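**Student:** The sequence and its predicted three-dimensional model are supplied below.
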Amino acid sequence: MSWKNVCEVSQVKEDFPYSATVDGKEIGVYLIDGQYYALEDVCPHAYALLSQGFVDDGKVECPLHEALFDVRTGKCLREPGGRDLHTFPTRVIDDRIQITFIEEE
């Protein structure tokens with residue numbers, strides 16, 4: 001399994017996820033209840049970075065059309081999301097958040 005550095009832990013806040021491009025993929029990193037989560041950052045409905053949306057209670061709302069996704073699972077909770085988001089395993093090594101592109105099940 002290949003792990004990629006995304007950001008420092010200090011760059012992710014409960015209310016302010018971190019947006020990064022890793023190997024050409026746009027990824028959002030979220031801090032929910034002390035746990036880091038990574039999921040694709042582009043809303044499947046229309047191009048909008050979800051990390052720029054409203055985050056509350058483990059959910060992120062698309063800033064364009066109010067689609068709602070569960071950060072922990074990627075599940076689309078309110079349309080017009082169109083589909084669930086891909087999520088990626090995370091780990092913290094030396095205060096760096098890392099992901100791998102093997103999708104979580």
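**Tutor:** Ah, there it is.
**Student:** got the buried residues for stretch 90-105?
**Tutor:** Going by neighbour count (16 or more other C-beta atoms under 10 Å), the buried part of stretch 90-105 is 90, 97-99, 101. For every residue, glycine as well, the C-beta is placed using N, CA and C.
**Student:** ok, now stretch 56-74?
**Tutor:** Residues of stretch 56-74 classed as buried under the neighbour-count rule (16+ other C-beta under 10 Å) are 59-62, 64, 67-72, 74.
**Student:** Would you convert those residues into CSV that also reports distance to residue 53?
**Tutor:** CSV is the format used below for these (distance: C-beta to C-beta, whole Å):
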residue, distance to residue 53
59, 9
60, 5
61, 5
62, 5
64, 8
67, 9
68, 9
69, 9
70, 13
71, 11
72, 16
74, 14
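**Student:** Just name the closest of those residues to residue 39, please.
**Tutor:** Of all those, the one sitting nearest residue 39 is residue 74; the distance, using C-beta to C-beta, is 5.1 Å.
**Student:** Tell me who's in contact with the residue found closest to that closest one once you drop the neighbours it is linked to in the chain.
**Tutor:** Taking C-beta to C-beta, 6 or more residues apart in numbering, and ignoring the residues beside it in sequence, residue 74 has residue 85 as its nearest neighbour in space, at 3.7 Å. Listed by C-beta atoms under 8 Å, 6 or more residues apart in numbering, the contact partners of residue 85 are 39-40, 44, 50, 69, 74-76.
**Student:** Now, of these, which are buried?
**Tutor:** Buried residues within these, counting neighbours by 16+ other C-beta under 10 Å: 39-40, 44, 50, 69, 74, 76.
**Student:** Narrow those residues to those in strands?
**Tutor:** With strands identified by DSSP state E, the entries of these that belong to them are 39-40, 69, 76.
**Student:** And for the chain, the residue most distant from the center?
**Tutor:** residue 94 (20.7 Å; C-alpha atoms, centre = their mean).
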